[in-house]
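Chemist: Make a model of this:
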Amino acid sequence: MQFKHDIGDTVKVRDIGMAGRVDALSLDSNGELYRVVYWNDGNRNQVWMYDWELEPASRPNGGAK
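Modeler: Sure thing, here's the model as predicted:
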């Protein structure tokens, strides 16, 4: 199985526009799941998300990963 994102990849959470890092992968009957860690208002969040909730994060130099 080839996942779109890998552990350690930086991704952008679409609904909030914040960057996070993939720290786990899973597969269920609805598709690929990614556990993403991100910080918001001083709180660490760790949430399972589907691929359609994420997009690749831009690199600091403006290029996509």
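Chemist: Off-centre distance for the lowest-mean-pLDDT helix or strand in the chain?
Modeler: Taking mean pLDDT, DSSP states H and E as the measure, the chain has strand 54-56 as its least confident helix or strand, at a mean of 92. The chain centre lies 6 Å from the centre of strand 54-56; the measure is Cα atoms, centre = their mean, to the nearest Å.
Chemist: which of the residues in it are buried?
Modeler: Leu54 (16 or more other Cβ atoms under 10 Å). C-betas here are computed from N, CA, C, even on glycine.
Chemist: who touches it?
Modeler: Strand 54-56 has contacts (Cβ atoms under 8 Å, 6 or more residues apart in numbering) with 5, 9, 11-14, 34, 36, 64-65.
Chemist: Relative to it, what are the paired strands and their orientations?
Modeler: strand 10-13 (antiparallel) (DSSP bridges).
Chemist: Relative to the whole chain's centre, how far out is the partner strand?
Modeler: 4 Å.
Chemist: Kindly report the same for stretch 32-50.
Modeler: The chain centroid and the centroid of stretch 32-50 are separated by 7 Å under Cα atoms, centre = their mean.
Chemist: same deal with stretch 38-57?
Modeler: With Cα atoms, centre = their mean, you get 6 Å for stretch 38-57.
Chemist: end to end, how far does that stretch reach?
Modeler: 13 Å (Cα to Cα, to the nearest Å).
Chemist: Report the buried residues of that stretch.
Modeler: For stretch 38-57, by 16+ other Cβ under 10 Å, it's 38, 49, 53-54, 57.
Chemist: again with stretch 9-20
Modeler: Within stretch 9-20, the residues that count as buried by 16+ other Cβ under 10 Å are 9-13, 20.
Chemist: Equivalent analysis for stretch 18-37, please.
Modeler: Judged by neighbour count (16+ other Cβ under 10 Å), stretch 18-37 contains these buried residues: 20-22, 32-36.
Chemist: Output those residues as JSON lines; include the columns distance to Met1, pLDDT and secondary structure.
Modeler: Converted to JSON lines, the buried residues of stretch 18-37 look like this (distance: Cβ to Cβ, whole Å; pLDDT from 0 to 100; DSSP: H, G, I helix; E, B strand; the rest coil):
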{"residue": "Gly20", "distance to Met1": "22", "pLDDT": "96", "secondary structure": "strand"}
{"residue": "Arg21", "distance to Met1": "21", "pLDDT": "97", "secondary structure": "strand"}
{"residue": "Val22", "distance to Met1": "15", "pLDDT": "98", "secondary structure": "strand"}
{"residue": "Glu32", "distance to Met1": "8", "pLDDT": "95", "secondary structure": "strand"}
{"residue": "Leu33", "distance to Met1": "12", "pLDDT": "97", "secondary structure": "strand"}
{"residue": "Tyr34", "distance to Met1": "13", "pLDDT": "98", "secondary structure": "strand"}
{"residue": "Arg35", "distance to Met1": "16", "pLDDT": "98", "secondary structure": "strand"}
{"residue": "Val36", "distance to Met1": "19", "pLDDT": "97", "secondary structure": "strand"}
